[in-house]
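Novice: Output the structure for:
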Amino acid sequence: MPEAKEKVARKRKIRGQAVVEYSAMLAMTAAIMIMMIMLLAVFTEYGWRVLSLISDFPYAD
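Specialist: The predicted structure follows:
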């Protein structure tokens, strides 16, 4: 019987690890999405300045 208890304990540990990994990935994905939305907002507001700086840069002389 002790073997059965060890199997159950191992399964619970694996499930707990999966939940922790899933939660970590969910948090990182949410953080990346928020950063991308903020970057989009900045480029939407100041996009013309960035484009004018890039267009004035002499690529080939």
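Novice: For this structure, which segments count as strands?
Specialist: In the chain, no segments count as strands under DSSP state E.
Novice: how many other residues sit next to Phe43?
Specialist: With neighbours defined by other CB atoms under 10 Å, the count for Phe43 comes to 13. From N, CA and C alone the C-beta is placed, and that goes for glycine too.
Novice: Hmm, it is touching Val50, no?
Specialist: Yes: A contact is recorded between Phe43 and Val50 when judged using CB atoms under 8 Å, the distance being 6.7 Å.
Novice: per-residue confidence at Met35?
Specialist: Looking at Met35, its pLDDT is 95.
Novice: so how far is Val42 from it?
Specialist: According to CB to CB, to the nearest Å, Met35 and Val42 sit 11 Å apart.
Novice: ditto for Tyr22
Specialist: 31 Å.
Novice: Ok, Ser55 next?
Specialist: When distance is defined by CB to CB, Ser55 is 19 Å away from Val42.
Novice: which of these two has more neighbours?
Specialist: With other CB under 10 Å as the criterion, Ser55 and Val42 differ in neighbour count, and Val42 comes out ahead with 11 against 7.
Novice: Mind jotting down where the helices sit in the chain?
Specialist: 2-56 (DSSP state H).
Novice: now it, which segments are flagged as low pLDDT?
Specialist: Where the chain drops to pLDDT under 70, the residues are 1-2, 4-14, 56-61.
Novice: can you do 90?
Specialist: When the per-residue scores of the chain are filtered using pLDDT under 90, the ranges that remain are 1-18, 38-61.
Novice: What about Met38, how many residues nearby?
Specialist: Should you count by other CB under 10 Å, Met38 turns out to have 10 residues around it.
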